[in-house]
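Visitor: Give me coordinates for this.
(chains A and B)
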Amino acid sequence: MKVLVCDDSRVMRQIVVRTLRQAGFEGLDIVEATNGAEGLDVVASEQPDLVLSDWNMPELTGIDFLTHLRARGDATPFGFVTSEGSSEMRDRAAAAGALFLIAKPFDADTFADTLAGVL
Amino acid sequence: MSGAVALVDVVDAAVVTELTQAVWASFVDDEVELDEAFEVPSDADLADALVGRIAIEGPAAAVVQVVLPEAAARAAASRMLALDPDDVDEADVADATGEITNMVGGNLKAVLVGEHRLGLPAVTRGTSGPRAGTVLAPLWWGEHLLLVRVDALPGADATAVPHPRHP
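Guide: Residues are numbered from 1 along each chain as shown, chains lettered A, B, ... in the order given. Coordinates of the predicted model:
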């Protein structure tokens, strides 16, 4: 399984990758992007099985990243990992086609529960 | 939902402490505690501090600042990256400070009602001032001081009321 981790923070990309491992998802092929625009390119070139994306990023936000993906007919499973977990954000994410939204801070149990049916 | 409530009525040092503790417990692996007997540090004490800032736009507009002296910021970054402190570079220290600021700001936004938008975090070094503000939470992480300051922006009114976080 290949997972794209998209976040403008290197620290947070590292934490997400480590938490995936701690949640029991071993042996994943991880690819990374630093914003939504780069994420679009990486999805096209790497064809990941799942995208885990931050919401607030320079260049292209996570929600715009998802919208662009769906607009070009790409149905790659997509979930947000973001510091904003309000019901409004969750509604926007779901309406745009996201499978889930994990709010920061998170722990390995949250990843295990949320990603159990995805990875 | 009734009554106009100012940011200062929604957010106090206890709320800021709780949000910061959640971030710390998840990613820095230790707890921070509110300092009831806080003594204002000197300019020299904060000369090398990293200052993360993030704006919340909306009816309860505010700026959140997280001030971490160099040693605290480096120690936090090393925990977040699971690296030895000597292997953490300047960019990582700034990145970690920005991400901590982002999480505290994002979680603070979540306690406000109404349409609010979170900006992107910016990190600078050195400070001569953020030791007071609309709300100030002086916190200790072991031997390390960290200050989380929230300022209501001019024009923010205050129609934002808190979510029932503890029903």
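Visitor: Of all the residues in stretch A:110-119, which ones are buried?
Guide: Neighbour counts over stretch A:110-119 (16 or more other CB atoms under 10 Å in any protein chain shown) mark A:T110, A:F111, A:A112, A:T114, A:L115, A:L119 as buried. Glycine gets a C-beta too; all of them are placed from N, C-alpha and C.
Visitor: quick one: the fifth one and A:F25 touch, right?
Guide: Yes. The pair formed by A:L115 and A:F25 meets the contact definition of CB atoms under 8 Å, at 6.7 Å.
Visitor: for the lowest-mean-pLDDT helix or strand in chain A, packing partners?
Guide: One helix or strand of chain A scores below all others by mean pLDDT, DSSP states H and E: helix A:87-96, with a mean of 94. The contact analysis (3 or more CB pairs under 8 Å, 6 or more residues apart in numbering or on different chains; DSSP states H and E) places helix A:87-96 against helix A:62-71, strand A:78-82, strand A:100-103.
Visitor: Tell me which of the ones you listed lies nearest to A:T34.
Guide: helix A:62-71 (11.6 Å; CB to CB).
Visitor: tell me which strands and helices the closest one is in contact with?
Guide: Contacts defined by 3+ CB pairs under 8 Å, 6+ apart place helix A:62-71 against helix A:36-46, strand A:50-53, strand A:78-82, helix A:87-96.
Visitor: how near is B:G114 to B:A61?
Guide: 11 Å (CB to CB, to the nearest Å).
Visitor: Compare these two (neighbour count), which wins?
Guide: Set side by side, B:G114 and B:A61 show more neighbours around B:A61, with 21 against 13, by other CB atoms under 10 Å in any protein chain shown.
Visitor: Just the local confidence number for the more buried one, please.
Guide: As predicted, B:A61 sits at a pLDDT of 88.
Visitor: Surely B:D95 and A:R13 touch.
Guide: No. Using CB under 8 Å, B:D95 makes no contact with A:R13, being 9.8 Å away.
Visitor: Comparing those two, which shows the higher neighbour count?
Guide: For B:D95 versus A:R13, the count of surrounding residues by other CB under 10 Å is larger for B:D95: 24 against 21.
Visitor: Name all residues that make contact with the residue nearest to that one when sequence neighbours are not counted.
Guide: Leaving aside its sequence neighbours, B:D95 sits nearest to A:V11 (CB to CB, 6 or more residues apart in numbering or on different chains; 4.8 Å). For A:V11, the contact set (CB atoms under 8 Å, 6 or more residues apart in numbering or on different chains) comprises B:A77, B:M80, B:L81, B:D92, B:D95, B:A96, B:E99.
Visitor: In helices only, show me those residues.
Guide: B:A77, B:M80, B:L81, B:D92, B:D95, B:A96, B:E99 (DSSP state H).
Visitor: and B:I56, helix, strand or coil?
Guide: strand (DSSP: H, G, I helix; E, B strand; the rest coil).
Visitor: partner residues bridging it?
Guide: Note on B:I56: beta-bridge partners B:A62, B:L118, judged by DSSP bridges.
Visitor: Do you know the pLDDT at it?
Guide: 93.
Visitor: Give me the neighbour count for it.
Guide: Neighbours of B:I56 (other CB under 10 Å): 24.
Visitor: B:L34 too?
Guide: 17.
Visitor: swap in A:D49?
Guide: Neighbours around A:D49, by other CB under 10 Å: 15.
Visitor: Would you enumerate the residues in contact with the closest residue to it other than its chain neighbours?
Guide: Distances taken as CB to CB, 6+ apart place A:M1 nearest to A:D49, at 4.8 Å, with adjacent residues excluded. Contact analysis of A:M1 by CB under 8 Å, 6+ apart lists A:F25, A:G27, A:L28, A:D29, A:D49, A:L50, A:L119.
Visitor: Going by distance to B:L145, which of those wins?
Guide: A:F25 (37.2 Å).
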